[in-house]
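Q: Sequence and predicted structure are below.
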Amino acid sequence: MATRRALLMAAGGWVLGGTGALRLARAALPSGAADPQTLEAIAGKKPLIRRSGRPPNYECPAAYLGEAITPNDRFFVRWHLAHVPEVDARSWRLQVAGEAAGRSFELSLDQLRHEFEPVELIAVCQCAGNQRGLAEPHVPGVQWGPGAVGNAHWKGVRLKDILARAQVKADALEIAFEGADGPVLPATPDFTKSLPVWKALDENTLIAYEMNGSALPRWNGFPVRVIVPGWAATYWVKQLTEIHVLNQPLKSFWMNTAYRVPKGKFPVGDRFESQENETSTPVLEIDVNSVVSNVKAGQRFPARRPLTIQGVAWDSGGGIQQVDISLDGGQSWNPAKLGKDLGRYSFRPWHFTYTPERPGPGSVMARATSSRGAVQPQDWTSNPAGYHNNSLQKIDFAVI
């Protein structure tokens with residue numbers, strides 16, 4: 001039987017109450033991502049940081065994030081429900097229907113591959129709770145460090161091409177998605193998400209069947225998943241089985257209760273108006289962020305030898321304009337050199353080289369700026385579920 005802690009981890013801060021209803025957890029706060037990290041290799045993956053086993057949630061170590069493209073076997077794993085089935089590609093079908101669809105039909109994987117124009121896109125996939133475990137004070141939910149993120153070369157078809165075949169009616173409001181994963185307990189709500197029609201019809205919103213030139217790994221959504229570049233991965237539904245064209249807002253725990261932030265707490269970019277209410281709005285866009293990939297806390301480096309610090313930066317699709325590095329706790333900043341630009345939704349690699357002159361304590365901080373002028377903040381903006389944490393992280397090391 002699923003434990004209260006497991007349900008808390010799965011729902012990102014929400015648990016089943018005694019009546020079966022879901023409510024915000026009031027248990028003692030977790031100690032965060034600073035806890036000792038357990039590396040575990042699940043099938044098809046290099047060792048990842050285990051955040052929970054049921055449902056499977058595994059974080060990518062920062063050392064794996066030094067490349068522009070994150071290899072499939074190093075990509076983070078995030079599921080909300082504990083039952084992640086082995087899907088048979090031959091029998092898999094995608095059902096397309098709904099009250100605002102003029103036509104209902106189903107597609108096999110072979111039809112998806114051959115009856116629609118294939119498109120490719122490099123895009124960052126980031127859990128909305130990335131860096132939650134670094135927040136002070138700590139908040140409930142999966143205690144992610146900075147590695148609930150990855151960048152991949154996706155191949156699939158445009159969602160709008162599938163919707164064109166469905167003959168979407170003029171009163172269509174949202175497009176809803178459901179996957180093959182399921183809950184352990186009947187009272188746990190199925191994972192269903194939706195997009196506003198305008199976002200579903202964006203040419204960059206895809207139904208992907210390949211990841212970095214190979215079939216999607218089971219843990220990352222085989223046989224197909226939704227790709228919503230620039231938006232949090234909560235909308236990137238995995239093991240997709242159903243698409244519903246709706247003429248009214250989706251009523252779902254995962255839309256109406258979870259993955260929401262207080263209204264007015266964060267700058268407004270994209271809006272999902274049919275899912276807004278008087279007090280809260282859905283989590284949508286990814287915030288500008290960066291990570292240092294080759295320096296660990298407590299690591300030792302020799303004095304009077306060049307030290308190259310590297311990592312990646314990303315945002316919601318404006319592109320990265322610059323990355324600055326501080327070696328004195330944020331008192332002064334120096335520009336890093338940017339690597340190749342693989343597209344506005346992609347990681348942007350960067351590196352910075354300097355020579356520490358004398359032994360003693362050292363530190364590094366990275367700060368990304370997007371082409372839209374957004375800058376990583378010093379501190380996170382607190383909210384009950386720990387979303388949108390893109391605050392600067394200071395890594396202390398030693399020069400010997």
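A: Cool, the structure landed. Numbers count the residues shown, from 1 in each chain.

Q: my guess is Ile175 meets Val245, correct?
A: Yes - here Ile175 reaches Val245: they are 6.0 Å apart, a contact under C-beta atoms under 8 Å. No exception for glycine: its C-beta is placed from N, CA and C like everyone else's.

Q: Mutual contacts of the two, please.
A: By C-beta atoms under 8 Å, 6 or more residues apart in numbering, Ile175 and Val245 have these common neighbours: Leu163.

Q: the more surrounded of those two?
A: Between Ile175 and Val245, Ile175 has the larger neighbour count (other C-beta atoms under 10 Å), namely 30 against 26.

Q: Is His153 located within a strand, as I assumed?
A: Yes - counting by DSSP: H, G, I helix; E, B strand; the rest coil, His153 is part of a strand.

Q: Pull up the gap between it and Leu206, please.
A: 12 Å (C-beta to C-beta, to the nearest Å).

Q: can you check Phe105 too?
A: Phe105 sits 19 Å away from Leu206, going by C-beta to C-beta.

Q: Quick check: neighbours shared by His153 and Leu206?
A: Residues touching both His153 and Leu206 (C-beta under 8 Å, 6+ apart): Leu121.

Q: between these two, which one's more packed in?
A: In terms of neighbours (other C-beta under 10 Å), Leu206 is the more surrounded of His153 and Leu206; the figures are 27 against 19.

Q: Contact partners for that one?
A: Listed by C-beta under 8 Å, 6+ apart, the contact set of Leu206 reads 119, 121, 154, 156-159, 226-227.

Q: how near is it to Ala313?
A: Leu206 is 23 Å from Ala313, where distance means C-beta to C-beta.

Q: Nearest residue to Ser287 in space, ignoring adjacent ones along the chain?
A: For residue 287 the amino acid is Asp, not Ser. In space, and not counting its chain neighbours, Asp287 is closest to Asn390: 4.1 Å by C-beta to C-beta, 6 or more residues apart in numbering.

Q: Run through who's touching the helix or strand containing Asp161.
A: Element membership for Asp161 (DSSP states H and E) is helix 159-165. Identification of contacts with helix 159-165 by C-beta under 8 Å, 6+ apart yields 96, 103, 105, 107, 116-117, 175, 200-203, 205-207, 226, 243, 245.

Q: Now the element after it, going C-ward?
A: Per DSSP H and E, the first helix or strand lying C-terminal to helix 159-165 is strand 174-179.

Q: For whichever helix or strand comes after that following strand, give the mean pLDDT please.
A: Using DSSP H and E, the next helix or strand after strand 174-179 towards the C-terminus is strand 192-196. Summarised as a single mean, pLDDT over strand 192-196 is 98.

Q: Can you point out the buried residues in the helix holding Asp161?
A: Buried residues in helix 159-165, counted by 16 or more other C-beta atoms under 10 Å: 159-163.

Q: want to try CSV for these, with distance to Pro361 and pLDDT as columns?
A: Listed next are the buried residues of helix 159-165 as CSV, based on distance: C-beta to C-beta, whole Å; pLDDT from 0 to 100:
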residue, distance to Pro361, pLDDT
Leu159, 51, 99
Lys160, 54, 98
Asp161, 56, 98
Ile162, 56, 98
Leu163, 56, 98
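
Q: quick one: which of the residues you listed is nearest to His80?
A: Nearest to His80 out of the buried residues of helix 159-165 is Leu159 (C-beta to C-beta; 21.2 Å).

Q: which regions of the stretch 151-300 of the chain lie under the pLDDT threshold?
A: Judged against pLDDT under 70, the stretch 151-300 of the chain has no low-scoring part.

Q: State the distance from the residue located most distally from the centre of the chain to Ala398.
A: Within the chain, the residue lying farthest from the chain centre (C-alpha atoms, centre = their mean) is Arg358, at 39.9 Å. Arg358 sits at a distance of 12 Å from Ala398 (criterion: C-beta to C-beta).

Q: any idea how far Gly230 is from the residue lying closest to Arg344 once chain neighbours are set aside?
A: Closest residue to Arg344 apart from its sequence neighbours, by C-beta to C-beta, 6+ apart: Gly319 at 4.3 Å. Gly319 is 11 Å from Gly230, where distance means C-beta to C-beta.
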